[in-house]
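>>> Here you go, sequence then predicted model.
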Amino acid sequence: MDKYILAIDQGTTSTRAIIFDQESNLIAIAQKELTMLYPHPGWVEQSANELWASVVSVISEVLAKANLKAGNIAAIGITNQRETTILWEKQSGLPIDHAIVWQSKQSDHYVQKLKEQGLEGWIQKKSGLRLDPYFSASKIRFLLDKHHLQKEAEEGKILFGTVDSFLVWKLTGGKCHISDVSNASRTMLMNLETLDYDDELLELWQIPRAMLPKICDTSAVYGYSDPSLFGEPIAIGAVAGDQQAALFGQTCFEKGMIKNTYGTGCFLLMNTKEQIIHSQNGLISSVGWKIKEEVDYVLEGSVFVAGAAVQWLRDGLKIIDDAAQSEVKATSIKSSEGVYVVPAFSGLGAPYWKPQVKGAIFGMNRGTKQAHLIRATLEALAYQTYDVVAAMQRDSGISLERLQVDGGASRNRFLMQFQSDILNCVVERSFISETTALGAAYLAGLAVGYWKDKEAIRANFKVGASYVPQMSEEERKESLAGWEKAIRSAMYFESC
Ligand SMILES: Nc1ncnc2c1ncn2[C@@H]1O[C@H](COP(=O)(O)OP(=O)(O)O)[C@@H](O)[C@H]1O
Ligand SMILES: O=P(O)(O)OC[C@H](O)CO
């Protein structure tokens with residue numbers, strides 16, 4: 001019987017199920033867009049039940065599309081939006097509230113309190129992370145306090161999971177409460193060196209171990225899907241945070257290799273192998289993956305709003321009908337004519353870390369049209385990436401010659417050319433744009449021997465499109481100087 005790998009990519013915007021074969025060909029895909037909830041300014045939530053239902057529905061749909069049965073699937077690989085926090089009742093499996101999405105800011109007051117106590121450096125040293133409401137710890141604290149569930153959490157009656165844990169729990173019918181190192185390293189509860197929860201961090205956040213998932217390797221068979229779901233049990237062979245999975249899918253296996261994923265947010269990751277880099281320039285460190293004894297660390301710049309700004313053009317301003325139209329409109333004019341959009345709708349992430357900063361538009365005149373706003377919004381994705389690349393070069397001493405890209409917005413040719421111009425380096429999009437899912441598939445395939453090793457995987461890598469810088473040095477410098485003024489002004493406005 002022919003065998004395939006099934007990847008679940010549970011992203012912020014949508015859930016996808018993708019079937020790959022041994023040559024990394026995409027055999028079939030099913031996708032479901034998700035509802036975003038904005039209950040208060042700055043809060044972003046999703047229904048955990050909807051996330052789970054979307055996973056079941058896309059798996060069934062993709063199997064039907066490919067005309068395959070559960071028995072044809074050698075393993076499932078799960079990759080997910082990271083940090084997003086779900087609490088559920090152990091007995092019933094029912095979520096106690098909405099999932100608090102990584103972008104959400106309702107737990108900022110806990111973070112500010114710890115900042116006032118001067119704990120930022122201490123926390124970063126242990127966890128690799130900046131003290132910010134982005135990460136799961138303050139979100140767990142918020143939910144436990146909101147629902148008065150401290151005692152139940154201590155008794156293990158209430159469980160916590162990032163999306164991976166919740167999905168594995170549901171898929172296995174409540175048999176497995178696990179997470180992997182790449183996801184656990186985003187909770188702010190894991191020690192980067194021991195790869196276990198850190199007792200002092202748990203004490204600081206008052207989060208009991210009893211509610212936390214067991215931290216596992218990124219590639220391993222943790223359990224099997226409940227046969228009632230898809231007819232036969234399927235091995236669950238990998239769990240990985242989506243950005244680390246994309247790094248793996250791009251086959252960035254060597255030290256210094258970098259990828260940038262343009263999804264809801266934008267995430268630039270460098271593989272630093274066994275070295276943990278403690279950033280001096282506003283970046284964070286996490287675990288890339290653990291496969292048996294091999295642990296690869298990453299240095300990361302996380303930009304909170306990228307493709308989400310394109311969704312704002314579509315759903316908020318209603319000046320484009322769909323994301324792809326942003327390219328058509330942006331190229332209908334020759335330049336953004338000095339207009340800059342700072343899409344800080346969820347505060348600013350790397351390298352600034354200013355959760356309170358709001359979005360802003362600068363440089364408009366009476367002749368400014370929709371097209372200028374659209375073009376300037378796309379350009380903002382490239383400028384934000386530039387800021388992160390500059391920080392990464394300072395931290396690592398490695399200069400960027402080539403950027404490997406993927407994610408929904410990397411399909412935008414205008415954006416990719418502008419990115420190459422602004423960075424003054426080659427930008428290469430991989431042949432498969434679904435690199436995140438592919439990374440999860442590879443990790444699951446390694447666990448069950450579907451691919452022998454990383455060399456067999458590397459042999460499948462192909463470049464899809466290449467962008468070479470075309471902008472003059474003078475124009476590049478002028479454009480960047482304008483961006484610098486815009487971002488500084490947005491930060492200044494907030495501090496007044
Ligand atoms: N052609 C495009 N141009 C610009 N942005 C796009 C384009 N296609 C998709 N996007 C943006 O990419 C995001 C979806 O990318 P995806 O990788 O699926 O994200 P996620 O993994 O966060 O769910 C959306 O925010 C969407 O606005
Ligand atoms: O949903 P994405 O793909 O934009 O990824 C979200 C990140 O994992 C958040 O850290």
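Happy to help now that I have it. Ligands and ions are numbered 1, 2, ... in the order given.
>>> Sketch out the low-pLDDT regions of the stretch 51-200 of the chain for me.
Scanning the stretch 51-200 of the chain for pLDDT under 70 picks out no residues.
>>> For it, which segments are assigned as strands?
For the stretch 51-200 of the chain, the strands defined by DSSP state E, counting those that start in this stretch occupy 73-80, 85-89, 99-100, 158-162, 178-180.
>>> cool, and the stretch 301-450 of the chain?
Going by DSSP E, counting those that start in this stretch, the stretch 301-450 of the chain shows strands at 340-342, 360-362, 402-406, 426-430.
>>> Pull out the buried positions in stretch 358-377.
By neighbour count on 16 or more other CB atoms under 10 Å, the buried set for stretch 358-377 is 358-363, 368, 371-377. (Each C-beta comes from the backbone N, C-alpha and C, glycine too.)
>>> among those, which two are most distant?
358 and 371 (23.8 Å; CB to CB).
>>> picking up where we left off before, tabulate the strands of the stretch 51-200 of the chain (a markdown table), appending distance to residue 415.
Formatted as a markdown table, those follow (distance: least, CB to CB, whole Å):
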| stretch | distance to residue 415 |
| --- | --- |
| strand 73-80 | 23 |
| strand 85-89 | 31 |
| strand 99-100 | 29 |
| strand 158-162 | 29 |
| strand 178-180 | 31 |
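>>> which stretch among the ones you listed comes nearest ligand 2?
Evaluated with CB to the nearest ligand atom, these place strand 73-80 nearest to ligand 2, the distance being 7.3 Å.
>>> wait, residue 339 sits on residue 371?
No: counting by CB atoms under 8 Å, residue 339 stays clear of residue 371, with 9.9 Å between them.
>>> how about the strands of the stretch 301-450 of the chain, which one is nearest ligand 1?
Taking the strands of the stretch 301-450 of the chain one by one with CB to the nearest ligand atom, strand 402-406 is closest: 7.7 Å.
>>> Give me the neighbour count for residue 176.
Residues near residue 176, counting by other CB atoms under 10 Å, number 19.
>>> quick revisit: which stretch among the strands of the stretch 301-450 of the chain is buried most, on average?
Looking across those with neighbours counted as mean count of other CB atoms under 10 Å, the highest average goes to strand 340-342: a mean of 26.
>>> So for it, mean pLDDT?
For strand 340-342, the mean pLDDT works out to 98.
>>> counting contacts, what elements does it pack onto?
Packing partners of strand 340-342 (3 or more CB pairs under 8 Å, 6 or more residues apart in numbering; DSSP states H and E): strand 360-362, helix 370-396, helix 473-495.
>>> and the angle for the last one with helix 370-396?
Angle between the axes of helix 473-495 and helix 370-396 is 90 degrees (criterion: axes from the mean of the first three to the mean of the last three CA atoms, to 10 degrees).
>>> Please spell out which residues along helix 473-495 are buried.
476, 479, 482-483, 486-487, 490-491, 494.
>>> Would you mind giving the strands of the stretch 301-450 of the chain as TSV with distance to residue 259 added?
Output for those, formatted as TSV (distance: least, CB to CB, whole Å):
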stretch	distance to residue 259
strand 340-342	24
strand 360-362	29
strand 402-406	4
strand 426-430	9
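>>> of those, which approaches residue 236 most closely?
So among these, strand 402-406 is nearest, using CB to CB, at 23.7 Å.
>>> Tell me the strands beside the closest one, with direction?
Using DSSP bridges, the strands paired with strand 402-406 are strand 258-262 (parallel), strand 426-430 (parallel).
>>> distance of residue 31 from residue 488?
39 Å (CB to CB, to the nearest Å).
>>> do the same with residue 36
Between residue 36 and residue 488 the computed distance is 30 Å (CB to CB).
>>> just to revisit the earlier point, in CSV: the buried residues of helix 473-495, plus pLDDT and distance to residue 391.
Listed next are the buried residues of helix 473-495 as CSV, based on pLDDT from 0 to 100; distance: CB to CB, whole Å:
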residue, pLDDT, distance to residue 391
476, 97, 18
479, 97, 19
482, 97, 19
483, 98, 15
486, 97, 18
487, 96, 13
490, 96, 18
491, 95, 16
494, 84, 20
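>>> which parts of the protein sit against ligand 1?
11-14, 263-264, 307-308, 310-311, 323-324, 326-327, 407-409, 411-412 (CB under 6 Å from any ligand atom).
>>> Separate out the buried members of the residues you listed.
For the residues of the chain next to ligand 1, buried by 16+ other CB under 10 Å: 11-14, 263-264, 307-308, 310-311, 323, 326-327, 407-409, 411-412.
>>> just checking, which of those belong to helices?
Counting by DSSP state H, those place 307-308, 310-311, 326-327 in helices.
>>> Which of those sits closest to ligand 1?
Using CB to the nearest ligand atom, those come closest to ligand 1 at residue 307, 2.5 Å.
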